[in-house]
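[1] Using only what follows, build the 3D model:
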Amino acid sequence: MDPVVEAIRQEFAAQADPELRERGQRFFKEEVRCYGMKTATAVAIAKKYWKEVKSREKQEIFALCEELYSSGMMEEAFVVSRWAPRLADRYEPGDITVFRHWIENYITNWATCDGLCNHAVGDFIVRYPEGIEELKRWTQSENRWMRRAAAVSLIVPAKRGEFLDEVLAIADLLLTDRDDLVQKGYGWLLKEASRKHTDEIFSYVMAKKREMPRTALRYAIELMPKELKAEVMKKDW
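    Alright, predicted model coming up:
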């Protein structure tokens with residue numbers, strides 16, 4: 001075990017709170033493994049040890065991330081979510097395979113999925129837009145977290161008004177997905193895209209509302225004016 005990983009685990013163990021661990025489970029349908037601590041505490045520890053590892057080679061930091069993921073502990077996954085985006089200026093096109101490997105093998109709940117994808121994978125896509133084709137492939141995975149990742153990786157750029165065509169393409173591919181966490185993922189993506197493209201997202205949702213699960217639909221229109229929401233929610237067929 002790398003000494004930095006060992007030190008992080010010791011700090012997490014020292015901060016563990018059984019009451020917070022039990023309380024945290026309520027946010028998840030699946031069982032999660034965690035030490036039990038406030039997110040701010042985990043973030044502070046991640047930030048502290050980033051100072052020790054940031055001068056290492058990228059591949060070595062990726063290896064540390066893998067070691068942290070391998071424990072299955074939520075807070076250790078949060079460290080990865082904080083460290084990986086800090087490598088964005090060192091990303092290379094092939095790094096998408098690292099992210100795919102992590103999602104396929106270590107992501108087991110919506111929090112660790114979103115933590116990695118919103119920033120690390122999203123930053124990768126901004127730098128290498130051709131990576132959208134990889135996200136499209138993820139929509140066809142049997143792994144629910146890969147499918148959710150395909151959507152939530154575009155959340156931050158979509159919020160800025162970027163990748164509208166790609167957002168709609170991902171939504172199309174996930175449109176009738178039966179998993180509620182995937183539905184919430186692409187519904188969230190449409191919602192963020194609606195901040196800058198209300199008319200386009202409204203038109204898309206109106207055209208797809210007969211097929212779109214209600215869960216995704218409600219997420220997608222959350223930021224729209226009341227009159228547009230009412231129009232979407234009419235069952236006019």
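[2] Give me the contact list for stretch 75-83.
    8-9, 12, 34-35, 37, 39, 42-43, 45-47, 49-50, 53, 61, 64-65, 68-69, 102, 106-107, 112, 115-116, 119-120 (CB atoms under 8 Å, 6 or more residues apart in numbering). For every residue, glycine as well, the C-beta is placed using N, CA and C.
[3] Which of the helices and strands in the protein ranks last by mean pLDDT?
    Lowest on mean pLDDT, DSSP states H and E among the helices and strands of the chain sits helix 18-24, with a mean of 88.
[4] Give me the distance from that one to the chain's centre.
    Helix 18-24 has its average C-alpha position 23 Å from the chain's average C-alpha position, going by CA atoms, centre = their mean, to the nearest Å.
[5] what sits up against it?
    Helix 18-24 has contacts (CB under 8 Å, 6+ apart) with V32, C34, Y35, G36, M37, K38, M74.
[6] If we use 6 Å, what do you get?
    Here helix 18-24 makes contact (CB atoms under 6 Å, 6 or more residues apart in numbering) with C34, G36, M37.
[7] cool, and stretch 33-48?
    Contact with stretch 33-48 is made by 11-12, 15-17, 20-21, 24, 72-75, 78-79, 82, as judged by CB under 6 Å, 6+ apart.
[8] sorry, back to before: are any of the contacts of stretch 75-83 buried, and which?
    Neighbour-count burial (16 or more other CB atoms under 10 Å) applied to these gives 8-9, 12, 34-35, 37, 42, 45-46, 49, 53, 61, 64-65, 68-69, 102, 106-107, 112, 115-116, 119-120.
[9] How is this structure partitioned into domains?
    1-90, 93-237 (automatic domain parsing).
[10] Need the winner for burial among those.
    domain 93-237 (a mean of 19; mean count of other CB atoms under 10 Å).
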